[in-house]
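[1] One predicted model, sequence on top.
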Amino acid sequence: MKQVEKIWAELSAKNTQEVELSEEKKVELASGAKIAAALKKLKAASDRLGSADGIYKAVLAYGKVIADAASAKNEATLVLEEYVKALAALDIKPNEAPAYKSSKAMIDKSEKTIKNATKARESIVSAMKSI
């Protein structure tokens, strides 16, 4: 900074004369701009890393949602099996009970959804590992 002030003083003292900068001083003045540009890139990269951390946390959370859905499906399946046993005790076929049909359809649909979600999560995790 003192060199810049010195050069400025020389320019101020010599109204119409040119002051020649040495090569060393030109490099010194240019390096400040290079540092600023490098720091700007570093900040942008760091900000993107923060976003990547958010993605990682979202994938973990997605895995928890899938596990919760699978647990709920398993519980519903057990309850439906108990319902089928109760119907059998009354000599009623499961397909004759509307509650069975709609419950079975929902369980089947949730099973497909869970499989698709699991495949999607596995693809995301695999892609993240290859980065």
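    Everything's here; your move. Keep in mind that this is a model prediction, so the values were computed, not measured.
[2] Assign a three-state SS to the residue most central in space within the chain, would you?
    Nearest residue to the geometric centre of the chain (Cα atoms, centre = their mean): Ile55, 1.3 Å. Secondary structure state of Ile55, per DSSP: H, G, I helix; E, B strand; the rest coil, is helix.
[3] Can you tell me how far it is from Lys64?
    15 Å (Cβ to Cβ, to the nearest Å). From N, CA and C alone the C-beta is placed, and that goes for glycine too.
[4] Below-threshold pLDDT in the chain: ranges please.
    By pLDDT under 70, the low-scoring segments of the chain are 1-30.
[5] returning to what we had before: identify the residues contacting the residue nearest to the centre of the chain.
    Contact analysis of Ile55 by Cβ atoms under 8 Å, 6 or more residues apart in numbering lists Met128.
[6] do the same with Lys64
    Under the criterion of Cβ under 8 Å, 6+ apart, Lys64 has no neighbours.
[7] how about it, phi and psi?
    phi -70, psi -40 (degrees, to the nearest 10).
[8] and what of Leu39?
    Here is the backbone geometry of Leu39 (degrees, to the nearest 10): phi -70, psi -40.
[9] count of residues packed around it?
    Leu39 has 10 neighbours, counted by other Cβ atoms under 10 Å.
[10] Roughly how far does it sit from Ala33?
    On the measure of Cβ to Cβ, Leu39 and Ala33 end up 11 Å apart.
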